[in-house]
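[1] Requesting a structural model of the entry that follows:
(chains A and B)
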Amino acid sequence: MVPTYFNEMYHDGSARPPYRHLENWTADMPAELRSLKQAEAEALFRRIGITFAVYGEGGDPDRLIPFDMFPRVFTNAEWTKMERGIKQRARALNAFLVDIYGRGEIVRSGRIPARLVYQNEAYEKAVAGFVPPRGVYSHIVGIDIVRTGPEDFFVLEDNCRTPSGVSYMLENREIMMRMFPALFRENRIQPVDRYPELLRRTLASVAPAKCNSEPTVVILTPGHFNSAYYEHSFLADLMGVELVEGQDLFVEGEFVWMRTTEGPKKVDVIYRRIDDAYIDPLCFRPDSMLGVPGLMDVYRSGGVSICSAPGAGVADDKAIYTFVPEMIRFYLGETPILQNVPTWQCGKSDDLKYVLDHLGELVVKEVHGSGGYGMLVGPKSSKDQIASFAERVRADPGNYIAQPTLALSTVPTFVNEGIAPRHVDLRPYCLVGERVELVPGGLTRVALTEGSLVVNSSQGGGVKDTWVLAE
Amino acid sequence: MILSVLHTTTYRYETPVRGVVQSHRLTPSVFDGQKTLRWKVEVEGGLAGGAFRDGAGDWIQSHSVHGPVSEITVRVSGDVETFDLAGVLRGHRESVPPEAYLRESAFTRADAALVELGRAAVDGVRDALDAAHRMSAAVAEAIAYQPGATQSQTSAAEAMSQGQGVCQDHAHALISAARSQGLPARYVSGYLLATEGEGPHEAAHAWAEIWIKGLGWIGFDPANSCCPDDRFIRLGSGYDAQDAAPIRGIARGPGSESLDVTVAIQAVQQ
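    Model prediction:
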């Protein structure tokens, strides 16, 4: 059976309305001009130095992630529905985190097994009983969405810790505007450049109890060797805040201070791009050189805010993911707007049996894995690959989940032979503080290899500018 | 009984350091087994930081010292009235659920010997409390009290294979064995009144707590083959010794540090 994929541009024989202007655009573009433009785009990316791997995927940090000039387009109506669904999900995930570090009602009521929550590696005993400012644990929620039809959107996973890639969203747009200004006159494309300001406002809105003036916000980076360092400095620059490393901060008395040329300056909100285990050697890994000793005590006593809050990772675990629709009903009393992908938990014996019997059709992932590593795409794998993966699943079933192979939508993409459909996903970035908001857009990742469903940059994925049209 | 505590820890730095930050879990727990009459934690030249009660019910207080400084002393003193509750942690308020203490840590990861010790204790016993007592006795038997045989970084499995250790190793081994049998268990740090002719004692002491359904957290001290009574003062808990440490600190600066600890626990004559 040949699966049919939803082509977001060409459906039922003609271009869908949001893509109509692009039909002429490509028709008018000779091949030489296209390759010239592509080279120009690459040069621009190299010049600004944006070469990091998205989503902490590792790999060569100096490798450029391919940028595809063909934009991905949503109508305002499509976006509005997605936006509502994303905000709903971000609210529910935060309500869940406040609950599990508080009374744990969702566990007590039997809706989520205690084991999945309290024995989760991301559960942090150190924040139990603590409610962060405004009850927000995850301030930037990256929600990965795939589309399989005109009206069918599914959430693939949630990212509640420190989702990366937003600098690509901003840079892709910047470069498209520079190279094709006419496109932005012909199409009414909603801007995304408010993101840094919204992020700054979100962070400032969760200043701690003891902050009684305009809050000082900083970005805490592990340093220039980190694959996402570019993004850290890019965001600090656009927000107009300091980019610091652990050694630039210190705890004295009830607060965290930043060394400056004018002497110590109190820091109120830390947007940290360092994992929980490394942020404070007095609370977590004692050998960490990246963090700030004593930070957690200041945090717990209301002297500083940490974004995202330590312990937020429980909510984006792939085993917890299954329960997000339940969270939406439980905490918000609403019907989930965005669907989950049906998921089998290999830790359950019935599910395990089904998965092992159907490995050839399914996508199997590690519960804590990311970046497209340690996963099996059944329909794209050989018998041997399937057999050896089956062994791994049998050895540690609880570590795996499985999902049907989704018919990811395609968007026209520039390839050597011209223009051809390639599979895409989407990561919008939802900001949660005093308000829950997001800019119209996100990062579209595209699987550049023909037929590939894996969009991760480590597996040959690229990125596209993502447009949301005004009404 | 009223116990009087004097506990001083002096850190000396080879070369003066730019600053020191410490996180203290040095205040007696609040529960029916102990009542704090007087308590003081002083850090010479230190600035008290934020203080709070954490989810496990421990009082956490940080202190920072602005450098250059080449020596600091943490002085803990006070009186606590204690009651013998046969190890039961009654009236202790906390929000971390017991299930969280099923998680392994590097120090308490069970090897085959520890799993076997746990399994043997549970075998044929219907009551979890009995099983816990048997586990505690088995740990005392498996690891002989021998100061100097292990270090602060020794794991439960290492102490088991060595067959020697101190209270920290006993506690780690018991936690490890209990968790391997699905019983939530945690490390407790505190003080112990030394009494004559009753075997080994360490004034700065550590033991384990095991969660027994229906009873709650129960303390077990394999080193002294007992459950904590009115000779014990409880300070705080954690997954393991590192997580439950009464003092965790870091000095900013190069060079090595040396440590001098004295603990004196006395029963106050009434």
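[2] Point out the residues in chain B that sit beside chain A.
    Counting by CB under 8 Å from any CB of the partner chain, chain B comes close to chain A at B:19, B:21-23, B:47-56, B:60-62, B:64, B:66, B:94-97, B:99-100, B:102-103, B:239, B:242, B:248-250, B:252. Yep, even glycine has a C-beta here, placed from its N, CA and C like the rest.
[3] Count the neighbours of the spatially closest residue to residue A:419 that is not a sequence neighbour for me.
    Leaving aside its sequence neighbours, residue A:419 sits nearest to residue A:412 (CB to CB, 6 or more residues apart in numbering or on different chains; 4.9 Å). By other CB atoms under 10 Å in any protein chain shown, 23 other residues sit near residue A:412.
[4] what does the average pLDDT come to for whichever strand or helix holds residue A:412?
    Using DSSP states H and E, the element containing residue A:412 is strand A:410-415. Over the span of strand A:410-415, the pLDDT mean works out to 94.
[5] same for it, what does it pack against?
    strand A:67-74, strand A:418-427, strand A:443-447, strand A:461-468 (3 or more CB pairs under 8 Å, 6 or more residues apart in numbering or on different chains; DSSP states H and E).
[6] nearest spatial neighbour of the closest residue to chain B within the stretch 251-400 of chain A, skipping sequence neighbours?
    Proximity of the stretch 251-400 of chain A to chain B (CB to the nearest CB) peaks at residue A:301, 2.4 Å away. In space, and not counting its chain neighbours, residue A:301 is closest to residue B:50: 2.4 Å by CB to CB, 6+ apart.
[7] domain assignment for chain B?
    Residue ranges for the domains of chain B, per automatic domain parsing: B:2-81+B:246-267, B:86-238.
[8] Any chance of the ones you listed in CSV with mean pLDDT as columns?
    Formatted as CSV, the domains of chain B follow (pLDDT from 0 to 100):
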stretch, mean pLDDT
domain B:2-81+B:246-267, 95
domain B:86-238, 93
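[9] Tell me which of the ones you listed is the most buried.
    Highest mean neighbour count of the domains of chain B: domain B:86-238, a mean of 20 (counted as mean count of other CB atoms under 10 Å in any protein chain shown).
[10] in chain B, which spans are strands?
    All strands of chain B, identified by DSSP state E, fall at B:2-24, B:34-43, B:46-53, B:59-82, B:144-145, B:164-165, B:185-192, B:204-212, B:216-220, B:232-238, B:247-252, B:257-267.
[11] number of nearby residues for residue A:284?
    With neighbours defined by other CB under 10 Å, the count for residue A:284 comes to 20.
[12] coming back round to it: show me what contacts the residue nearest to residue A:301?
    A:254, A:297, A:298, A:300, A:301, A:302, A:303, B:61, B:62 (CB atoms under 8 Å, 6 or more residues apart in numbering or on different chains).
[13] Touching, residue A:276 and residue A:308? I think so.
    No. Contact criterion CB atoms under 8 Å: residue A:276 and residue A:308 do not qualify, at 9.2 Å.
[14] what sits in contact with each of these two?
    residue A:161.
[15] just to revisit the earlier point, quick check: which of the strands of chain B is nearest to residue A:37?
    strand B:247-252 (52.1 Å; CB to CB).
[16] and that closest one, what does it pack onto?
    Packed next to strand B:247-252, using 3+ CB pairs under 8 Å, 6+ apart, are strand B:2-24.
[17] Now do the strand it packs on against strand B:185-192, angle only.
    120 degrees (axes from the mean of the first three to the mean of the last three CA atoms, to 10 degrees).
[18] Compute the distance from the centre of strand B:2-24 to the centre of its chain.
    Distance, stretch centre to chain centre, for strand B:2-24: 18 Å (CA atoms, centre = their mean, to the nearest Å).
[19] same check, this time on stretch A:312-330
    The mean C-alpha position of stretch A:312-330 is separated from the chain mean by 15 Å, CA atoms, centre = their mean.
[20] does chain B sit close to that stretch?
    No. Applying CB under 8 Å from any CB, one finds stretch A:312-330 out of contact with chain B, separated by at least 11.1 Å.
[21] Just the C-alpha atoms of that stretch, please, in CSV.
    In CSV, the C-alpha atoms belonging to stretch A:312-330 read as follows (Å, rounded to 0.1, in the frame of the first residue of the first chain):
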residue,chain,number,x,y,z
ALA,A,312,9.8,21.0,34.9
GLY,A,313,11.0,18.1,32.9
VAL,A,314,8.6,15.6,34.4
ALA,A,315,5.9,17.1,32.2
ASP,A,316,7.6,16.5,28.9
ASP,A,317,8.6,12.9,29.4
LYS,A,318,7.3,10.7,26.6
ALA,A,319,5.5,8.4,29.1
ILE,A,320,3.8,11.4,30.7
TYR,A,321,2.8,12.7,27.2
THR,A,322,0.1,10.0,27.0
PHE,A,323,-1.7,11.7,29.9
VAL,A,324,-1.7,15.3,28.6
PRO,A,325,-5.3,15.1,27.2
GLU,A,326,-6.3,13.8,30.6
MET,A,327,-4.5,16.8,32.3
ILE,A,328,-6.5,19.2,30.1
ARG,A,329,-9.7,17.6,31.2
PHE,A,330,-8.7,17.3,34.8
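[22] Give the closest residue to the residue in chain B sticking out farthest from the centre in space, chain neighbours not counted.
    What lies farthest from the middle of chain B is residue B:68; by CA atoms, centre = their mean that is 31.6 Å. Using CB to CB, 6+ apart and skipping residues adjacent in sequence, the residue nearest residue B:68 is residue B:16, 3.8 Å away.
[23] So residue A:117 versus residue A:443, what's the distance?
    29 Å (CB to CB, to the nearest Å).
[24] in the helix or strand that residue A:352 is a member of, what counts as buried?
    Take DSSP H and E as the rule and residue A:352 turns out to sit in helix A:349-357. Of the residues in helix A:349-357, A:351, A:352, A:355, A:356 count as buried by neighbour count, 16 or more other CB atoms under 10 Å in any protein chain shown.
[25] Residue of the stretch 101-250 of chain A closest to chain B, please.
    For the stretch 101-250 of chain A, CB to the nearest CB, closest residue to chain B: residue A:128, 2.7 Å.
[26] Now do the same contact list for that residue.
    A:101, B:54, B:55, B:56, B:95, B:96, B:100.
[27] how much space between it and residue B:106?
    Counting by CB to CB, the gap from residue A:128 to residue B:106 is 21 Å.
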